[in-house]
Every structure is written in C-alpha cells, then in structure tokens.
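Engineer: Let's see this in three dimensions:
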Amino acid sequence: MSKQHSEYKRTESQNKILDLEEKYMYIIENMVTSKIFLEDLKNIEAEIQEYYNFFVEVWGKKNKIKEASERLLRHHVYNTFMEFRRFYPSPISCDIALELEDVILNIDVKTTDKVGNGGELNSTQFEHNQTSFINDKVGSIGLFPGWKVKSNLQAIDPRTNKPVLTYLVKIGYSDDGNGNFKLINDKIRPSIVVTCLPNGTLSSLFDNNLFQNFKDYQYFKSSDGVYYSPKKITFVSEFKCLNEKDKYSRIKQVTDIPDEWIEIKTKTNKYGYYDRDKNQLWLATSRKEGNHKVMFLEAVKGGNTARFNDLWLEERYNSKNEKWCGEHKYYKIYDKLNEEN
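Structural biologist: As a prediction, this is how the structure comes out:
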C-alpha cells in the first residue's frame, strides 16, 4: 500500500483537486468540532438516554443514533454552505451531496458503537457509492489474483465538470443494550473522526494502492447455477475445534470438491479453495440454520465493504507540497464544552 507521493509529477487538474480537498477538509473539521455542533450532538445523547426504552420499542435496533446524526450533519452542512449550494441530482452519492461553487461535495456520516465494533473507530470503511478512487485488485491469495473494488462515484461530474469530493464523519458512542448509552469521550477511542477519501483523479499519486482489504464478502447463491450451490460442511462449534489440516480434510470429505482445487487461507483466517479453471474462490463461512450456526463452503462473488489504510490517508500534500492531515481523530472532544462554559 502506498501513501501520497509528493515527488510525483502532477497534472494541473491533480494540483487543483489536492488544494480543494485540503480546503474542504478544514471547513468540515471546523464545523463538526464547533461548540454548536457538539452541543447539538450532546442533545441527541440526552434524548436517547431519557427515552432509551421507548426508542428500543420503536426502532427495534441497537443503533439509535444513526438517523439523528445524519439529520444533524445535514443541518450543519446546509447552514455552513448557505451562500452557495445547489441540489445534486445524481442517485449515486453519500448521505449528503450538494453542488458548491467549485466542487460536488459528498459527506457520509457513520456512527460506530465501541461495544462490539470498537475496532471500526480506527479503520476507514466505505461503500462503493462513496468513492471514485481507482485501486488495483484487492484480496489476492496465492494464485488467486484478487477482486476489483467498485468505485461508483465519478471523479469529475460530467454535467458541471466539477471534481467530486468525498468525506466521512465518524461519531463514536457506547451502548451496552441495557439502557446505558453515551457518546465516547476518552483517550483510548476517538470521539469524532473526519476523513478525506482521495478523488479518483489522484489515484496514480498513491500507486493505485490504498485499499487494504474487505470487511465482508458477497456470495453466489444456488439460483446462480448448480456450480455455485453452497456446500454444507458441519456445525460452526465443531469446525472451530479442528486444526488447520483437519479443517481442509473435513471440507473435502463432506463437499466432494475436485482434487484440482487449491487450498487457500485468507489473511483473516478464512479457509477455502480456489478453482483455477474457473478463476473462482470458495470460502468456508457461517450461516444460521434453524437454531444452529453451520459452516458452508460458498463461492465468493466479490468483496463488499472495503477498508482504506488509515496511515496513508493521514499524510497528504497540497499543490505546493505542504503537508496536511487527511484523517483527523478527535479524542475527549466533549471536554471542549466544559472548558468554554
């Protein structure tokens, strides 16, 4: 993986986009760390704490802050860019997308619970409609060349000829599921993270190599053809107890896969096989079947949610090769309210 190369020769368009990404990074950072934004966020926290059980009954899901956070960010974005903003008509965009004087601005808000998903506060994940970055294939394993990562956003909007910029705002919270909800405000995990995802025009400055891996995968189904039918292995509890050699033996024993298929193991310790003739990867994955969790060998269609390498996102350079931070983590951010009161 590669950080931005400041020594590479750049085009005029690349220099322009580098400066615009830096410009809007500072604007968005100032917005989400402002006193009024933090006060509004604390009001959401107080609302959830007071009506916790009611929200559980209404929503029936753990993430009770998602919709309110999206509404909050949208409100402040519209107020920040009050003087010049237009509706962005494309259906492919982030949670917030609007046309400004010099860019098409996309901002996605992510809310992350440190209970169960704490690791995601320190890793940058994105969906296909949130980036235009062009990366080399990801997830190569042995002879398997890996998958192409879809980047559905256009680097330059064809209607306006303006660059399409993407930023992520991540808000951390804690919810134990028993009525204890609060925003994160400590030194271990960030309260708020602001990230600039590099525009696709800049891909070559990162050697087209920013994506780290996939959080999860998409799998083929039986309806895609007999070849793609999932193959049942055994119960998850039994599979976990087997050593590596026995895992492969069990898969071959119960699935009757061809001897020509090649054993593989992913970096995230998923076991499977590679059908070289069809360039098809098969992985052992767990599914719920009745009251039990069962392992199946399934054909992988491709990677789903992907991850950036955070370290390479932080070190950015503008057109003058001046360094700026492309990902900023804010810790104990709500202490700022107490200091100003």
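
Engineer: Was I right to think E244 contacts Y271?
Structural biologist: Yes - if you go by C-beta atoms under 8 Å, E244 and Y271 touch, sitting 7.5 Å apart. Quick note: C-beta positions are derived from backbone N, CA and C, even for glycine.

Engineer: who touches both of the two?
Structural biologist: K265 (C-beta atoms under 8 Å, 6 or more residues apart in numbering).

Engineer: Comparing the two, which residue is more hemmed in?
Structural biologist: Using other C-beta atoms under 10 Å, the more surrounded residue of E244 and Y271 is Y271, with 22 against 11.

Engineer: I'd assumed T285 was in contact with that one.
Structural biologist: No - using C-beta under 8 Å, Y271 is not in contact with T285, being 9.7 Å away.

Engineer: Who's the closest spatial neighbour of L283, skipping the chain neighbours?
Structural biologist: Excluding the flanking residues, the one nearest L283 by C-beta to C-beta, 6 or more residues apart in numbering is G272, at 3.8 Å.

Engineer: how deep is that neighbour tucked in, by neighbour count?
Structural biologist: Count around G272 with other C-beta under 10 Å applied: 25.

Engineer: my guess is it contacts W282, does it?
Structural biologist: Yes - look at G272 against W282 with C-beta under 8 Å: they come within range, at 4.9 Å.

Engineer: any shared contact partners between the two?
Structural biologist: L297.

Engineer: Please report phi then psi for N152.
Structural biologist: phi -80, psi -20 (degrees, to the nearest 10).

Engineer: Now the terminal residues of stretch 4-20, how far apart.
Structural biologist: Across stretch 4-20, the terminal residues are separated by 16 Å (C-alpha to C-alpha, to the nearest Å).

Engineer: what about Y334, how many neighbours?
Structural biologist: Neighbours of Y334 using other C-beta under 10 Å come to 18.

Engineer: Where does the prediction get shaky in the protein?
Structural biologist: The chain contains residues with pLDDT under 70 at 1, 60-62, 116-122, 339-341.

Engineer: and it, what are its domains?
Structural biologist: Following automatic domain parsing, one gets these domains for the chain: 12-216+306-340, 217-303.

Engineer: Determine which stretch of the ones you listed is the most buried.
Structural biologist: Highest mean neighbour count among the domains of the chain (mean count of other C-beta atoms under 10 Å): domain 12-216+306-340, with a mean of 17.

Engineer: for the chain, what spans make up the helices?
Structural biologist: For the chain, the helices defined by DSSP state H occupy 12-32, 35-50, 52-59, 66-80, 114-117, 236-241, 244-255, 310-314, 335-340.

Engineer: Brilliant, that's me finished.
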